[in-house]
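Novice: Sequence and predicted model, in that order:
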Amino acid sequence: MSIYLDEKNPSKHKPFDDASPDIVEYVRYLEVIAGKSANTAFSYYCDLRGFSRFMKRRKGLVPEDAEMKEIDPKGLDTAFWGSVTKEDIYEYLYFLNRECGNKKSSTARRLASLHGFYDYLVNQVNRLSQDPTASIKPPKQDKVLPKYLTAEQSRELLESTQYQSDFPERDYCMVVLFLNCGMRLSELVGMDLGDIDLEQRQIRLFGKGHKERMVYLNDACIEALQLYLKKRNTMEGLDPKEKAVFVTRRRKDRISNRRVEQLVTSAMKAAGLKGFSTHKLRHTAATLMYQTGNVDILTLKQLLGHSSVGTTQIYTHLQEFQVRAAIEQNPLGEVKKASLDTTEREAGEISGENAAPSAKINDSASKSEEAAPSGPMEAFEGAANDGFRADVSAMKEPEEPVQE
């Protein structure tokens, strides 16, 4: 049996019990004690069920040619988890990469699920004494810069939502909030009317791990919300008790994540924008604020609701125009190159400035008696003259005969 979360009410789900007892208890621990969101707990739950299937096939508990999705993930006890070795973990990571085609980020997350599970068994409930994942590090991640829309592309998208939608007030408002506040999709869908304070120009959001934060609204957000809420509150058939901010036009209830993605994708397509997802609007907001809003990295971290500043650091690499400006502002950037001419000149055209070294040496030697150096260079007068008067021609090495 597969468990699927209700995206409108992810915390109200059926028990995660389609796995071995240790995994079921660990997932409950994540939600109740560790305070992880239902989505996070569900992701770990799916990862550990997948690992259970892999280990059953690896240990010969099912036929070797058994399809992974057909293997029952239940029936493994604590002693079995204690028998898992480091080599088993490495084989699992190899399987994810070679047979499943997982990206490095996906493999890292599945390894994190195993780290957490074994940490629970060893340190939280003391059922095992050793952790086979302890010294295994995740694959080194590729440093990929987030993809985002330019300011001009963002304007085109906003224009598109006004003319390519059957509910333009709602769709325009959602995109405005995405682009100005940098909120997550789940945060926008989960907003309730009580979370909005137009007088104080702010919205209360609940991010990952039930973390609450306040996001302030600029003029564009205030105007878009006022236009939409006026339309929403006069919708025929809307339940007065419906507390969701964004609702569907047909069912008159909270809009789903998937529906928002469809609407945004449609608006992007109409605007001629390809290769962008709804989450890229969050990247766009963060990038534009950091580049043009004089926002420091700690402020941006708080605004986006990141738990670690390391996550926010990706936006510090987007300042190409600042890097270019730094190069241009280098004081040595004004120095022009000297007049260099390495072409062979005709006899008699060699000037004192471009004379050959031998000519300059002889010239300086002839003038040394007329103008003796003074100041700091006076101490080097004798050595310099001796060096300049050396017979360079006598130092040439004889040419070796050509050997046939």
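Specialist: Arrived safely, thanks for sending.
Novice: mind listing the strands for the stretch 151-300 of the chain?
Specialist: For the stretch 151-300 of the chain, the strands defined by DSSP state E, counting those that start in this stretch occupy 196-197, 202-206, 212-216.
Novice: Show me what the first one is packed against.
Specialist: The reference is to strand 196-197. strand 202-206 (3 or more C-beta pairs under 8 Å, 6 or more residues apart in numbering; DSSP states H and E). All C-beta atoms are positioned from the backbone trio N, CA, C, and that covers glycine.
Novice: do the second one as well
Specialist: Under the contact criterion of 3+ C-beta pairs under 8 Å, 6+ apart, strand 202-206 touches strand 196-197, strand 212-216.
Novice: try it again with 7 Å
Specialist: If you count contacts as 3 or more C-beta pairs under 7 Å, 6 or more residues apart in numbering; DSSP states H and E, strand 202-206 packs onto strand 212-216.
Novice: can you pull the buried residues of the strand it packs on?
Specialist: Buried residues in strand 212-216, counted by 16 or more other C-beta atoms under 10 Å: Val215.
Novice: Partner strands of it, with direction?
Specialist: Sheet pairing for strand 212-216, assigned by DSSP bridges, gives strand 202-206 (antiparallel).
Novice: Show me the contact partners of the strand it pairs with.
Specialist: With contacts defined as C-beta atoms under 7 Å, 6 or more residues apart in numbering, strand 202-206 is touched by 183, 187, 190-191, 195-196, 212-217, 305.
Novice: let's go with 10 Å and repeat that
Specialist: Strand 202-206 is contacted from outside by 37, 177, 181, 183-184, 186-188, 190-192, 194-197, 211-217, 221, 225, 245, 305, using C-beta atoms under 10 Å, 6 or more residues apart in numbering.
Novice: Convert the C-alpha atoms of it to CSV, please.
Specialist: Provided in CSV are the C-alpha atoms of strand 202-206 (Å, rounded to 0.1, in the frame of the first residue of the first chain):
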residue,chain,number,x,y,z
GLN,A,202,2.9,42.1,6.4
ILE,A,203,2.1,38.4,6.1
ARG,A,204,2.8,35.6,8.5
LEU,A,205,4.2,32.5,6.7
PHE,A,206,4.8,29.0,8.0
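Novice: who's in contact with Leu158?
Specialist: Per C-beta under 10 Å, 6+ apart, neighbours of Leu158: Asp171, Tyr172, Val175, Val176, Leu179, Ala220, Ala224, Ala267, Ala271.
Novice: one more time with 8 Å, if that's ok
Specialist: Tyr172, Val175, Val176, Leu179 (C-beta atoms under 8 Å, 6 or more residues apart in numbering).
Novice: And the pLDDT for the nearest residue in space to the first one that is not next to it in sequence?
Specialist: Spelled out, it's Tyr172. By the measure of C-beta to C-beta, 6 or more residues apart in numbering, the closest residue to Tyr172 outside its immediate chain neighbours is Thr161, 4.5 Å from it. Per-residue pLDDT puts Thr161 at 90.
Novice: All further residue positions should be reported with the first residue as 270.
Specialist: Yes, from this point I'll number from 270; that puts the last item at Thr430.
Novice: Any chance of CSV for the contacts of Leu427, columns neighbour count and pLDDT?
Specialist: Below are those laid out as CSV (neighbours: other C-beta atoms under 10 Å; pLDDT from 0 to 100):
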residue, neighbour count, pLDDT
Tyr441, 23, 94
Val444, 25, 92
Val445, 23, 92
Leu448, 22, 87
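Novice: how does this structure divide up, domain by domain?
Specialist: As given by automatic domain parsing, the domain ranges for the chain are 290-393, 420-543.
Novice: thinking again about what came up before, can you tell which of the strands of the stretch 420-569 of the chain is closest to Arg322?
Specialist: strand 471-475 (33.8 Å; C-beta to C-beta).
Novice: List the buried residues of that closest one.
Specialist: Ile472, Leu474, Phe475.
Novice: Pull the top helix by length along the chain out as CSV, backbone CA atoms only.
Specialist: With residue count as the measure and DSSP state H as the assignment, the chain has helix 307-327 as its longest helix. Output in CSV follows, covering the C-alpha atoms of helix 307-327 (Å, rounded to 0.1, in the frame of the first residue of the first chain):
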residue,chain,number,x,y,z
ALA,A,307,4.8,15.8,7.3
ASN,A,308,6.4,16.2,3.9
THR,A,309,9.9,15.7,5.3
ALA,A,310,8.9,12.7,7.3
PHE,A,311,7.2,11.2,4.2
SER,A,312,10.3,11.7,2.1
TYR,A,313,12.4,9.9,4.7
TYR,A,314,9.8,7.2,4.9
CYS,A,315,9.9,6.6,1.2
ASP,A,316,13.7,6.5,1.1
LEU,A,317,13.9,3.9,3.9
ARG,A,318,11.3,1.7,2.2
GLY,A,319,13.3,1.8,-1.0
PHE,A,320,16.4,0.8,1.0
SER,A,321,14.5,-2.0,2.6
ARG,A,322,13.6,-3.4,-0.8
PHE,A,323,17.2,-3.1,-2.0
MET,A,324,18.5,-4.9,1.1
LYS,A,325,16.0,-7.7,0.7
ARG,A,326,17.1,-8.4,-2.8
ARG,A,327,20.8,-8.0,-1.9
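Novice: Thank you, goodbye.
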